[in-house]
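[1] The sequence and its predicted three-dimensional model are supplied below.
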Amino acid sequence: MQAPTLNTQQKKSLRGVAHHLDPVVAVSERGLSEGIVEETERALRDHELIKIKVFGGDRASRSQIAAELAGETSATVLQQIGKVAVLYRHNPKANPKLSNVARYLEQPNL
């Protein structure tokens, strides 16, 4: 499966949705493990849009870990600020009660 292709406006909109989210996956200094990839898969399947927290050395290594995790899960890194990265993967069969994107789009004032 390939990571979704998003235009600039879509990315901006999704970053706005992610602003109020808390990280749901944490990657330790030891890097990626099979368990972290599986948990990220589950979170993306349920929520579509998630934040992850990457602990570790310098900015480059944190960016590399976020990119590797996105690659392993066919997701897109929308943004990375400090230790927090935002990942997105569209799920056409997402549960509207769990999906961060669907809940945001349901709000009448938006």
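    Great, that's in hand. Numbers count the residues shown, from 1 in each chain.
[2] For beta bridges, what are the partners of the most centrally placed residue in the chain?
    By CA atoms, centre = their mean, the chain has its centre lying nearest to residue 87, at 1.9 Å. As for beta bridges, residue 87 partners with residue 50, residue 77 under DSSP bridges.
[3] That one contacts residue 52, correct?
    Yes. With contact defined as CB atoms under 8 Å, residue 87 counts as touching residue 52 (6.2 Å). To be clear about C-beta, it is placed using only N, CA and C from the backbone, and glycine gets the same treatment.
[4] who touches both of these two?
    Common neighbours of residue 87 and residue 52, counting by CB atoms under 8 Å, 6 or more residues apart in numbering, are 40, 66, 69.
[5] Inside strands: which ones of these?
    Under the assignment DSSP state E, the shared contacts of residue 87 and residue 52 contribute nothing to strands.
[6] Adding distance to residue 10, neighbour count and pLDDT, write those out as JSON lines.
    Formatted as JSON lines, these follow (distance: CB to CB, whole Å; neighbours: other CB atoms under 10 Å; pLDDT from 0 to 100):
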{"residue": "40", "distance to residue 10": "21", "neighbour count": "23", "pLDDT": "96"}
{"residue": "66", "distance to residue 10": "19", "neighbour count": "23", "pLDDT": "94"}
{"residue": "69", "distance to residue 10": "21", "neighbour count": "23", "pLDDT": "95"}
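[7] Tabulate those (JSON lines), appending distance to residue 8.
    Formatted as JSON lines, these follow (distance: CB to CB, whole Å):
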{"residue": "40", "distance to residue 8": "25"}
{"residue": "66", "distance to residue 8": "20"}
{"residue": "69", "distance to residue 8": "23"}
